[in-house]
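Novice: I need the structure of the sequence given here:
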Amino acid sequence: WTGFRPLTVAGIHRESATIVSFRLAAPDGTVLPPALPGQYLTVRVAGAADPAPVRSYSLSSAPGEPAYRISVKREGLVSRYLHEHLALGDTLQVAAPRGSFVLAADDRPVLLVSAGVGVTPVLAMLHRLAVERTRREVWWLHAAHDAEEQAFDAETRELLAVLPKARAEIYLSGTRRLTSERLAELGLPGGAVAYVCGPKKFMTEIGDALVRLGIDVHTELFAGHARLNPGITGADDRMPHQPRGETGNGPLVTFSRSGLAVRWRDAEASLLELAEACDVPTRWSCRTGVCHNCVTPLLSGAVVYSPEPLEAPDGGEVLICCSRPAGEVVLDL
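Specialist: Numbers count the residues shown, from 1 in each chain. The predicted structure follows:
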């Protein structure tokens, strides 16, 4: 579906000391469109703040289930609100599943590697592999702070038990950490494909180590995508923030991955310029609607172009380098 639609909280379950799962179902009980294993939901949380903040959470449910499951770690304003106030029967505004960090059809050995709440998208992948009763070699490598922080332990054990070529390694930082040295000692299969999710430092260290072992690595960041700004070097990775200077009075622009909502300012010529004023990581090259490097999913709302792009982007996407909001918009940035 386009934009946001209401989904009802149909289940709440504590997974660990800091992670709670929420099952979201259609209010009329119909089956929701299937999501690919590894995709995420973008959620508008009215009540957590004004304006209503927007956050993205990976789906942890098995593909094809009638409801979606997101699993949220308590670590900020919005997650605290969800943990403390969201109740059965409440409604959240939710955008359709999206994201390119998905389990691909393949016959190579597969490594599902995660740390902390980064377990959620790879858990959905494990569900898919278990449903398929895959004959692939499956390695489950998970790192947690301690046993109380280790989520989905019983669930993953049940899923791995149905796979004939599965192996699991759990690392608790209080006793042993998942490091590049320990990866090298495991005897991982060459030519495998790995899906890695967790904090940025973890993904950098573990991803680089896996590449050195000859493994094809795919990663997922919780926050915005890496910058791609040709001709600019040494850019700081500053946290996104409200733009400095005069506050705008135009339509609300929400950068969902960055967790930032900003009023449009006429001083900016494009959504790209507004993102840059907020230090939201962006990807661009031409800045005139030609190269499509800046193409961005539009979760809701509409834009106007000036200049018109050389070629229009696909449906549900916009070129932020030459567009302005025609009203309130939510961008996957």
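Novice: name the helix or strand for A154, please.
Specialist: Here A154 sits within helix 153-161, counting by DSSP states H and E.
Novice: elements contacting that helix?
Specialist: On a contact count with 3 or more CB pairs under 8 Å, 6 or more residues apart in numbering; DSSP states H and E, helix 153-161 meets helix 119-131, strand 138-144, strand 166-172. For glycine as for every other residue, the C-beta is placed from the backbone atoms N, C-alpha and C.
Novice: residue contacts, the closest residue to D208 other than its chain neighbours?
Specialist: Leaving aside its chain neighbours, D208 sits nearest to S180 (7.3 Å; criterion: CB to CB, 6 or more residues apart in numbering). The contact partners of S180, by CB atoms under 8 Å, 6 or more residues apart in numbering, come to E205, I206, D208, A209, R212.
Novice: local confidence estimate at S180?
Specialist: The predicted local distance difference test score for S180 is 90.
Novice: quick one: strands adjacent to the longest strand seen in the chain?
Specialist: Longest strand in the chain, counting residues (DSSP state E): strand 4-14. In the sheet containing strand 4-14, the strands it pairs with under DSSP bridges are strand 19-25 (antiparallel), strand 91-95 (antiparallel).
Novice: that one: which residues count as buried?
Specialist: Buried residues in strand 4-14, defined by neighbour count with 16 or more other CB atoms under 10 Å: F4, L7, T8, V9, A10.
Novice: next: stretch 21-32.
Specialist: Across stretch 21-32, burial judged by 16+ other CB under 10 Å covers S21, F22, R23, L24, A25, A26, L32.
Novice: centre of the chain to it, how far?
Specialist: In terms of CA atoms, centre = their mean, to the nearest Å, the centre of stretch 21-32 is found 20 Å from the chain centre.
Novice: as CSV, the strands paired with strand 4-14 with distance to R69 and mean pLDDT would be great.
Specialist: Shown next, in CSV, are these (distance: least, CB to CB, whole Å; pLDDT from 0 to 100):
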stretch, distance to R69, mean pLDDT
strand 19-25, 5, 98
strand 91-95, 12, 95
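Novice: close enough to count as contact, Q93 and G47?
Specialist: No - Q93 is beyond contact range of G47, at 11.2 Å (criterion: CB atoms under 8 Å).
Novice: the two: which has the busier surroundings?
Specialist: Here Q93 and G47 are compared on neighbour count by other CB atoms under 10 Å; more neighbours surround Q93, at 17 against 14.
Novice: so where's the stretch 101-250 of the chain uncertain?
Specialist: Screening the stretch 101-250 of the chain residue by residue with the criterion pLDDT under 70, one finds the ranges 221-237.
Novice: residue boundaries of the helices in it?
Specialist: With DSSP state H, counting those that start in this stretch as the criterion, the stretch 101-250 of the chain has helices at 119-131, 153-161, 180-185, 200-212.
Novice: quick one, what contacts L160?
Specialist: By CB under 8 Å, 6+ apart, the contact list for L160 reads L126, A130, V138, W140, A166, A168.
Novice: among these, which two are most distant?
Specialist: Pairwise distances across the contacts of L160 peak at 12.9 Å for A130 and A168 (criterion: CB to CB).
Novice: these two: which is more packed in?
Specialist: A130 (19 against 15).
Novice: from A124, how far off is that one?
Specialist: Here the distance between A130 and A124 works out to 11 Å (CB to CB, to the nearest Å).
Novice: returning to that earlier point: quick one: mean pLDDT over the longest strand of the chain.
Specialist: Average pLDDT, strand 4-14: 97.
Novice: pull the residues that contact that strand.
Specialist: Outside of strand 4-14, the residues that reach it under the criterion CB under 8 Å, 6+ apart are 20-27, 32, 44, 67-69, 86-95, 299-300, 330.
Novice: please apply the same query to stretch 266-274.
Specialist: Contacting residues not belonging to stretch 266-274 are listed as 243, 245-246, 248, 250, 253, 262, 264-265, 277, 282, 284, 287, 294, 303, 318, 320-325, 329, 331 [CB under 8 Å, 6+ apart].
Novice: among those residues, which lie within helices?
Specialist: Secondary structure assignment (DSSP state H) places A277 from the contacts of stretch 266-274 within helices.
Novice: buried ones among the contacts of stretch 266-274?
Specialist: A residue is treated as buried here by neighbour count (16+ other CB under 10 Å); on that basis the buried members of the contacts of stretch 266-274 are 243, 248, 250, 253, 262, 264-265, 277, 282, 284, 287, 294, 303, 318, 320-325, 329, 331.
Novice: thanks a lot, catch you later.
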